[in-house]
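Visitor: Okay, here's the prediction I keep looking at, along with the sequence it came from:
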Amino acid sequence: MSFKNLPWAVTIYTSSKHFLCKNKLCVIWGMLSIVLLLLLSQALFWQVGVTFFAILNLTNVLLIAIALFFKAQLVLWFGFIVTDVKLTYEALEETFVFPKPRFELFFGGLLTLSIIIFGIYICEKALTDVESYFLLIQEDSVLEYGSAMLWGLSAVILLIGMLQQAFTRQKAFGTIRFDLILFFFFLACAGEELSWGQRLIHIETPGLLKAINVQNEITLHNVGSISIFSNIFFILTLCFFVLLPYISSRYRSISVYLIHKSFPIPNRFAVAVFLTTLFIWMFIGIRFGTLGFHPFSLYVEQYYNQMDDEIFEFLAAYSFLTFSVLKGLTPKT
């Protein structure tokens, strides 16, 4: 059945079409496009961050093309989602109970306190003992293996939860599909941290991959430009731990809808942990003058001089571990 045959879809289609055509969104998008082009021109002039801004501009062009050629489909899809959220909320509003993790205060407090103690330790090292700090963040160091362990542990916790769902519920795929995506994401992050076991079993990097990999490793996130993958990863984690919980807390209907669809939303302690790790990362980045993964960084692609990227990977892994632990303790709706 076509969406246009449904009365609500006709209304949504008309109003959304007007929104997309007349709203300030188009003006803002146009201004951002101009800014991206200007940044690319500066990158070309200074010969710094060219790849990064070229990819951003190509992505923007692709998004514009999608918006132009698939405008009607996007509007209908938007209308369908809005209506689905509304109908789901109306059906569940009076009886819906927001699930809370068991022993939330104990485990959430313990995980938060642990990262605060670690943050004090690592910041003190960065300030007073740079040599020891560098030993912690270099290749095959405690932090790198620690990151892989945290990613792997996060994946195992999700796997246990998914298996419980599979054995106790019929048609369990609908309740674990998003967890399954996160599970493979965690496994991929663990594998990337360990270069997929390259140095553990002494595998030589293939010639083609060596030519395009910044660190000459069997990894994907170091292909071409570290800053591109790092920025994407940073934006995704920021959206997951900050934007998503904010929207969920601000709009009850969206929160009910996402929980009903088994979409993962970070617990308040997971958000607190992530914000703490963000502060630690910013402190260290400011300390060494290498804050962030931006293409105009002082050290650009010289990985071993980036004093804050390895610590961010570890802190992000810990944030996702906190999320997984508290999710595993949350009763299923």
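Guide: Cool, the structure landed.
Visitor: got any ranges where this structure has weak pLDDT?
Guide: 1-24, 48-49, 170-174, 196-200, 202, 205-228, 290-308, 333 (pLDDT under 70).
Visitor: Mind doing that once more with 80?
Guide: Within the chain, the ranges that satisfy pLDDT under 80 run 1-26, 43, 46-52, 55, 138-141, 167-175, 194-232, 288-310, 332-333.
Visitor: what about the nearest residue to Ala54 once chain neighbours are set aside, how many residues close to it?
Guide: Nearest residue to Ala54, sequence neighbours excluded (C-beta to C-beta, 6 or more residues apart in numbering): Leu40, at 6.3 Å. Yep, even glycine has a C-beta here, placed from its N, CA and C like the rest. For Leu40, the tally of surrounding residues (other C-beta atoms under 10 Å) stands at 19.
Visitor: Now do the contacts for Leu275.
Guide: Phe241, Val242 (C-beta atoms under 8 Å, 6 or more residues apart in numbering).
Visitor: and if you look at Leu187?
Guide: Contact partners of Leu187, counting by C-beta under 8 Å, 6+ apart, are Trp151, Gly152, Ala155.
Visitor: Restrict the helix or strand where Ala317 lies to CA atoms and write it as CSV.
Guide: Taking DSSP states H and E as the definition, one finds Ala317 inside helix 309-328. Extracted C-alpha coordinates of helix 309-328, given in CSV (Å, rounded to 0.1, in the frame of the first residue of the first chain):
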residue,chain,number,x,y,z
ASP,A,309,43.8,10.1,20.5
GLU,A,310,44.8,6.8,22.2
ILE,A,311,43.5,8.0,25.5
PHE,A,312,40.2,8.9,23.8
GLU,A,313,39.8,5.5,22.3
PHE,A,314,40.4,3.9,25.8
LEU,A,315,37.9,6.3,27.4
ALA,A,316,35.3,5.7,24.7
ALA,A,317,35.7,2.0,25.2
TYR,A,318,35.1,2.4,29.0
SER,A,319,32.0,4.5,28.3
PHE,A,320,30.5,1.8,26.1
LEU,A,321,31.4,-0.8,28.7
THR,A,322,29.4,1.2,31.3
PHE,A,323,26.5,1.3,28.8
SER,A,324,26.7,-2.4,28.3
VAL,A,325,26.8,-3.2,32.0
LEU,A,326,23.9,-1.1,32.9
LYS,A,327,21.9,-2.3,29.9
GLY,A,328,22.5,-5.8,30.9
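Visitor: other SSEs contacting that helix?
Guide: helix 104-128, helix 142-168, helix 173-193, helix 226-238, helix 268-288 (3 or more C-beta pairs under 8 Å, 6 or more residues apart in numbering; DSSP states H and E).
Visitor: picking that back up, now the host helix or strand of the residue nearest to Ala54: buried residues?
Guide: Leu40 is located in helix 24-46, with elements delineated by DSSP H and E. Of the residues in helix 24-46, Leu36, Leu39, Leu40, Ala43 count as buried by neighbour count, 16 or more other C-beta atoms under 10 Å.
Visitor: Would you convert those residues into TSV that also reports distance to Gly191?
Guide: Below are these laid out as TSV (distance: C-beta to C-beta, whole Å):
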residue	distance to Gly191
Leu36	32
Leu39	33
Leu40	33
Ala43	31
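Visitor: and which of these is nearest Lys100?
Guide: Checking those against Lys100 by C-beta to C-beta gives Leu36 as the nearest, at 42.5 Å.
Visitor: Kindly provide the distance from that closest one to Gln42.
Guide: 11 Å (C-beta to C-beta, to the nearest Å).
Visitor: how many neighbours does Glu131 have?
Guide: Glu131, neighbours per other C-beta under 10 Å, totals 7.
Visitor: again, but for the one 3 residues further on
Guide: Using other C-beta under 10 Å as the criterion, Phe134 is surrounded by 14 other residues.
Visitor: Give me the distance from the helix or strand containing it to the chain's centre.
Guide: Assigned by DSSP H and E, Phe134 belongs to helix 130-137. Centre-to-centre, helix 130-137 and its host chain are 27 Å apart (C-alpha atoms, centre = their mean, to the nearest Å).
Visitor: for stretch 64-72, same thing?
Guide: Using C-alpha atoms, centre = their mean, the offset of stretch 64-72 from its chain centre is 26 Å.
Visitor: before we move on, back to that, closest to Phe312 out of the contacts of Leu187?
Guide: Trp151 (13.6 Å).
Visitor: Test my guess that that closest one contacts Phe184.
Guide: No - here Trp151 does not reach Phe184: they are 11.4 Å apart, not a contact under C-beta atoms under 8 Å.
Visitor: ok, the two, which is more surrounded?
Guide: Set side by side, Trp151 and Phe184 show more neighbours around Trp151, with 28 against 11, by other C-beta under 10 Å.
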